[in-house]
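Chemist: The sequence and its predicted three-dimensional model are supplied below.
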Amino acid sequence: KQEVTQIPAALSVPEGENLVLNCSFTDSAIYNLQWFRQDPGKGLTSLLLIQSSQREQTSGRLNASLDKSSGRSTLYIAASQPGDSATYLCAVILYGQNFVFGPGTRLSVLP
Amino acid sequence: EPEVTQTPSHQVTQMGQEVILRCVPISNHLYFYWYRQILGQKVEFLVSFYNNEISEKSEIFDDQFSVERPDGSNFTLKIRSTKLEDSAMYFCASTARGGPPSTDTQYFGPGTRLTVL
């Protein structure tokens, strides 16, 4: 059974720092991996989707990498801002199944 | 930008009552999903739906749950006899194409918070 973990569970950084969020999954036969942002009491906003044939995706200050063989993905946030404060979720999908989510990393960016 | 909408935003019900949660997916999307998130826990997949039938469902999606696309725009989740443990945030999502496996981004609605008393 696919298990997804995220480290750290929570992170607090001063504004302007570059930071890395980690996601690990136990079954490397994933079809794609998606990073989401969740604001308190709100829905999920898709940030980046990486297909299994890709190694990374970039959108603005965000860069996500995927290493299927090691079962890891990282989300890199450059020059963090207070507006980046949210919970970041990664989710993997296996062939024939739907998303399996990680528990999330709760990020606080302090002004 | 098109978005998935959900109503109501918050539903309070008594244990044993039936509830229907409503979703309007993005208009040209073909695959629809329900997820739930119990407070403080992970987002969990419930069911996927395509071409007017269930594509996949999880162990959570038992006989108390049903889904329907009653018209060309709405997608509903019905819980027949709610239990205390059904209290959670329920999210609807849609993709333009693909079901599992999908290369498409899933777009999520803002969620309905269900409270069962």
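Modeler: Received, thanks. Everything numeric here is computed off the predicted structure, so don't read it as measured data.
Chemist: and chain A, which residues reach chain B?
Modeler: Within chain A, the residues that sit near chain B (C-beta under 8 Å from any C-beta of the partner chain) are A:31-32, A:34, A:36, A:41-46, A:49, A:51, A:89, A:91, A:93-104. Glycine gets a C-beta too; all of them are placed from N, C-alpha and C.
Chemist: in chain B, which segments are predicted with low confidence?
Modeler: Judged against pLDDT under 70, the low-scoring parts of chain B cover residues B:98-103.
Chemist: near chain A, which residues of it show up?
Modeler: So far as C-beta under 8 Å from any C-beta goes, chain B lies against chain A at B:4, B:6, B:33, B:35, B:41-45, B:48, B:56, B:58, B:91, B:93, B:100-103, B:105-111, B:113.
Chemist: From those residues, list the buried ones, please.
Modeler: B:4, B:6, B:33, B:35, B:42-45, B:48, B:56, B:58, B:91, B:93, B:100-102, B:105-111, B:113 (16 or more other C-beta atoms under 10 Å in any protein chain shown).
Chemist: Mind checking which of those residues are in strands?
Modeler: Assigned to strands by DSSP state E, the following of those qualify: B:6, B:33, B:35, B:43-45, B:48, B:56, B:91, B:93, B:107-108, B:113.
Chemist: which residue is nearest the middle of chain B?
Modeler: With distances taken as C-alpha atoms, centre = their mean, B:Trp34 lies nearest the centre of chain B, 2.9 Å away.
Chemist: quick one, what contacts that residue?
Modeler: With C-beta atoms under 8 Å, 6 or more residues apart in numbering or on different chains as the criterion, the residues that contact B:Trp34 are B:Leu21, B:Cys23, B:Leu46, B:Val47, B:Val67, B:Leu77, B:Tyr90, B:Phe91, B:Cys92, B:Ala93.
Chemist: out of the residues you listed, who's nearest chain A?
Modeler: Using C-beta to the nearest C-beta, B:Phe91 comes nearest to chain A of the contacts of B:Trp34, at 5.9 Å.
Chemist: Okay, and the beta partners of that closest one?
Modeler: Beta-bridge partners recorded for B:Phe91 (DSSP bridges): B:Tyr35.
Chemist: tell me the contacts of it?
Modeler: A:Gly43, A:Leu44, B:Gln6, B:Trp34, B:Tyr35, B:Arg36, B:Gln37, B:Val43, B:Phe108, B:Gly109, B:Gly111.
Chemist: now these as CSV including distance to B:Asp63?
Modeler: As requested, those are exported to CSV (distance: C-beta to C-beta, whole Å):
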residue, distance to B:Asp63
A:Gly43, 27
A:Leu44, 28
B:Gln6, 23
B:Trp34, 15
B:Tyr35, 19
B:Arg36, 16
B:Gln37, 22
B:Val43, 23
B:Phe108, 26
B:Gly109, 25
B:Gly111, 24
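Chemist: Thanks a lot, catch you later.
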